[in-house]
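Colleague: model this:
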Amino acid sequence: MEKGNRADPGKRVRLEARLRPDRIVVRVTDEGGGFDPTTVPDPTLPEYRTLSSGRGIFLIRNLMDAVEFNDCGNSITMVLERGDLPARAQGA
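Modeller: Numbers count the residues shown, from 1 in each chain. Alright, predicted model coming up:
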């Protein structure tokens, strides 16, 4: 979000969340120009471990059941299936 809007306080970030019985769906959209998520280097590779970027996308892809970017790369939709939700979130 910070990078997408280039830290411009005049630009907005839209957050949508839907809680369904079987999943949580979250979409985050900024007003920036977007990016190509396929170009983000793998932060687990030795040559990229010292970079300060790319870890967020890595974590999202490894923690979510589904991740989808829009065509221009300024919106991400993340899905977490109910089976993966912590017991507290399931009402236990």
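
Colleague: where are the low-confidence patches of the chain?
Modeller: The chain contains residues with pLDDT under 70 at 1-2, 84-92.

Colleague: go with 90
Modeller: 1-9, 21, 40-41, 51-56, 82-92 (pLDDT under 90).

Colleague: Going along the chain, name the helices of it.
Modeller: Using DSSP state H, the helices of the chain run over residues 55-63.

Colleague: Just to check, residue 4 is in contact with residue 75?
Modeller: No. With contacts counted by C-beta atoms under 8 Å, residue 4 stays clear of residue 75, the gap being 9.3 Å. To be clear about C-beta, it is placed using only N, CA and C from the backbone, and glycine gets the same treatment.

Colleague: Are there residues contacting both of the two? Which ones?
Modeller: 30, 34 (C-beta atoms under 8 Å, 6 or more residues apart in numbering).

Colleague: Between the two, point out the one with more neighbours.
Modeller: residue 4 (21 against 17; other C-beta atoms under 10 Å).

Colleague: State the number of residues packed around the residue nearest to residue 12 when sequence neighbours are not counted.
Modeller: Nearest non-adjacent residue to residue 12, counting by C-beta to C-beta, 6 or more residues apart in numbering: residue 31, 5.8 Å away. Using other C-beta under 10 Å, the number of residues around residue 31 comes to 15.

Colleague: try residue 59
Modeller: 11.

Colleague: And it, how far from residue 67?
Modeller: 11 Å (C-beta to C-beta, to the nearest Å).

Colleague: Likewise for residue 41?
Modeller: 17 Å.

Colleague: re earlier: for the residue nearest to residue 12, give me its contacts.
Modeller: 4-5, 11-13, 74.

Colleague: Who does residue 18 form a beta bridge with?
Modeller: On the basis of DSSP bridges, residue 18 is bridged to residue 25.

Colleague: ok, it - contacts?
Modeller: Applying C-beta under 8 Å, 6+ apart, the residues contacting residue 18 are 24-26.

Colleague: and the spatially closest residue to residue 23 that is not a sequence neighbour, how many neighbours?
Modeller: Excluding the flanking residues, the one nearest residue 23 by C-beta to C-beta, 6+ apart is residue 81, at 5.1 Å. Residue 81 has 13 neighbours, counted by other C-beta under 10 Å.
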